[in-house]
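# From the sequence below, what's the structure:
(one chain, ligands or ions: 1)
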Amino acid sequence: MHDIQTFLSKLQSSIDEVSVLHAYKKLQAGSLLIDIREKDEVSGGSPAGAIRIPKGMLEMKIGQVATDPAQEVYLLCASGKRSLVAAFCLQQMGYENVYSVEGGFGEWKNRALPFEMPRTLKEADYERYKRHLLIPELGEAGQIKLLSSRVLVVGAGGIGSPVALYLAAAGIGTIGLIDDDIVDRSNLQRQILHTEQSVGSPKVDSAKQRLSALNPAIRIVPIQTRLDADNIETILQDYDLVLDGTDNFTTRYLINDACVKLGKPNVHGSVFRFEGQVSTFWPASGKGNAPCYRCVYPTPPPAELAPSCAEAGVLGVLPGLVGVICATEAIKILAGFGNLLTGKLLCINAATWSFDTYEIDQEPSCPYCGCTDPAHYPPYAHFEQSCSM
Ligand SMILES: [Zn+2]
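Reported below is the predicted structural model:
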């Protein structure tokens, strides 16, 4: 059989074809619609909610999306010809309910059915993120999620430095960095974003320069200010996730209170001499009984018991260790894989090499994550207030 038309006519007699409207209704009802066109075709639009697997990879990847051979699978190409051939292959593989969508995406658009412009990786991204793309749990879909993500790193210091470097390297699309401080020579022992040359310059400027040199394709937003009760919601609402690398309780409580109110994940890292702590405070995660920071630490400790790094000292490498764990956690949350530190507190001691994870629960009486009426959410503490607490 050398004639494609004869071949397609033969396939039409053995493959069930359905209209785009029928396929759309099935997709709405939860059935699997696979857009089998090539990447450059898909980038011009693809049915919203469709899975995208180019025809050349369909047989290899179908098992990942359709585990049950009795499952209904709808295949869509540009005009309805390639989907016939693809449906034939899936039938040969044992899929019993495969359908080809008549008229393909051309007809889908003619009928004004909803479609989206899916984000795809650029040529340079395939090279840069190759080692991510090789991990099945991350892959192209995960990398696209990272590139579409927006993370706010609070503090461009000891924890914020490795966090920002690894998030930039991982291809987080937008990284906001907030810090009002200037680089001091004593910072360089641990704050690896900055160099001798940046002593005396704003930390966010030094950070932007370093991160942009590492990954020029992502957006770095330097915010040279201090988070306070008045600006926190405006700043946070532009981001999907907040990474708290601050070294003072005032800002920690403020970040917690705003994150709980806005439902954003708060990845928290802190250090003290040889000890570090990491957790994700995210009551809105829907994962078990995940508490907020206030559930675990209802009130700030007295000032004399809560010295900052500047006062207490810290082993320079420790914020690096804690920051790398924080960055790992952020990437897992954004790409959607693995077990998280929600409801868990990871405590590290670099002197004794202990890594202990403790279960932490939501406190039913917590006025923040326990608040059911947004109109009565506790007001944010102002700087002077929380200092005097
Ligand atoms: Zn709470």
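# Which parts of the stretch 201-350 of the chain are helices?
Ranges of helices in the stretch 201-350 of the chain, per DSSP state H, counting those that start in this stretch, are 203-214, 232-236, 249-262, 293-296, 309-312, 318-335.
# The residue in the stretch 101-250 of the chain positioned nearest to the ion: what's it in contact with?
At 14.9 Å from the ion, residue 244 is the closest residue in the stretch 101-250 of the chain, using CB to the ion. Where you see a C-beta, it was placed from the backbone N, CA and C, and this is true even at glycine. By CB atoms under 8 Å, 6 or more residues apart in numbering, the residues touching residue 244 are 154, 155, 251, 252, 255, 256, 266, 267, 268, 269.
# try it again with 10 Å
Residues near residue 244 by CB atoms under 10 Å, 6 or more residues apart in numbering: 152-155, 159-160, 163, 227, 251-252, 254-256, 259, 266-270, 279, 281, 293, 326.
# go on, residue 88?
Residue 88 neighbours (CB under 10 Å, 6+ apart): 7, 8, 10, 11, 14, 15, 98, 100.
# separation between it and residue 225?
Distance from residue 88 to residue 225, counting by CB to CB, to the nearest Å: 61 Å.
# so what's the residue nearest the centre of the chain up against?
Note on the chain: the residue nearest the mean C-alpha position is residue 334, at 1.5 Å, using CA atoms, centre = their mean. By CB under 10 Å, 6+ apart, the contact list for residue 334 reads 142, 145-151, 167, 170, 172-173, 240-241, 265.
# Next to the ion, which bits of this structure? Give me the list.
Residues of the chain found near the ion (CB under 5 Å from the ion) are 292, 294, 295, 366, 368, 369.
# Looking at the residues you listed, which is nearest residue 120?
residue 292 (37.2 Å; CB to CB).
# Look up the closest residue to the closest one, ignoring the ones flanking it.
Excluding its sequence neighbours, the residue lying closest to residue 292 (CB to CB, 6 or more residues apart in numbering) is residue 369, at 4.2 Å.
# who's the residue of the stretch 101-250 of the chain closest to the ion bridged to?
Per DSSP bridges, the residues bridged to residue 244 are residue 154, residue 268.
# Flag the shaky bits of the stretch 1-150 of the chain, pLDDT-wise.
Counting by pLDDT under 70, the ranges of the stretch 1-150 of the chain that qualify are 1.
# hey, where'd the helices end up in it?
Under DSSP H, counting those that start in this stretch, the stretch 1-150 of the chain gives helices at 4-14, 20-28, 39-42, 58-65, 82-92, 104-110, 123-128, 130-133, 139-147.
# Can you tell me what sits against the first one?
Taking contacts as CB under 10 Å, 6+ apart, the residues outside helix 4-14 that touch it are 1, 3, 15, 17, 80-85, 87-88, 91, 100, 102.
# May I ask you to confirm that residue 106 is in contact with residue 77?
Yes: counting by CB atoms under 10 Å, residue 77 is a contact partner of residue 106 at 9.5 Å.
# Between the two, point out the one with more neighbours.
Taking other CB atoms under 10 Å, residue 106 and residue 77 do not tie; residue 77 has more neighbours (24 against 13).
# List the contacts of that one.
Counted by CB under 10 Å, 6+ apart, residue 77 has contacts 34-38, 41, 55, 83-86, 100-101, 103-106.
# which residue packs closest to it, ignoring adjacent ones?
Residue 77's closest residue in space is residue 83 (CB to CB, 6+ apart), at 4.3 Å.
# before we move on, the earlier item: buried by neighbour count, from the contacts of helix 4-14: which ones?
15, 17, 80-85, 87-88, 91, 100, 102 (16 or more other CB atoms under 10 Å).
# Number of residues surrounding residue 57?
10.
# Confirm for me that it is in contact with residue 36.
Yes: the pair residue 57 / residue 36 is scored as a contact, 9.0 Å apart, by CB under 10 Å.
# can you pull the contacts of residue 286?
Residue 286 neighbours (CB under 10 Å, 6+ apart): residue 342.
# Please shift the residue numbers so they start at 524 in all later answers.
Right, with 524 as the first residue, what we last looked at is residue 809.
# Check the gap between it and the ion for me.
15 Å (CB to the ion, to the nearest Å).
# mind checking pLDDT for that residue?
pLDDT recorded at residue 809 is 83.
# Could you do residue 822 as well?
pLDDT, residue 822: 83.
# With residue 827 instead?
Residue-level pLDDT assigned to residue 827 equals 69.
# So among the contacts of residue 600, which ones count as buried?
Buried among the contacts of residue 600 (16+ other CB under 10 Å): 557-560, 564, 578, 606-609, 623-624, 626-628.
# Tell me the one of the contacts of residue 857 nearest residue 757?
residue 673 (14.3 Å).
# so what's that closest one bridging to?
residue 697.
# Please look at it and residue 743 and confirm they touch.
No: Residue 673 is not in contact with residue 743 according to CB under 10 Å; the separation is 11.4 Å.
# Who has more neighbours out of those two?
residue 743 (21 against 16).
# quick one: contacts for the more buried one?
687, 691, 695, 697-700, 727, 730-735, 737.
# Emit the ChimeraX select command for whichever of those are buried.
Per 16+ other CB under 10 Å, the buried members of those correspond to this ChimeraX selection:
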select :687,691,695,697,698,699,700,727,730,731,732,733,734
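# Quick check: of the contacts of residue 743, which lies closest to residue 862?
residue 695 (20.7 Å).
# For stretch 788-801, give the distance from the opening residue to the closing one.
Terminal residues of stretch 788-801 are spaced 13 Å apart (CA to CA, to the nearest Å).
# got the buried residues for it?
Those would be 788, 789, 790, 791, 792, 793, 794, 795, 798, 799, 800, 801, for stretch 788-801 by 16+ other CB under 10 Å.
# Specify the beta-bridge partners of the last one.
So that's residue 801. residue 792, residue 869.
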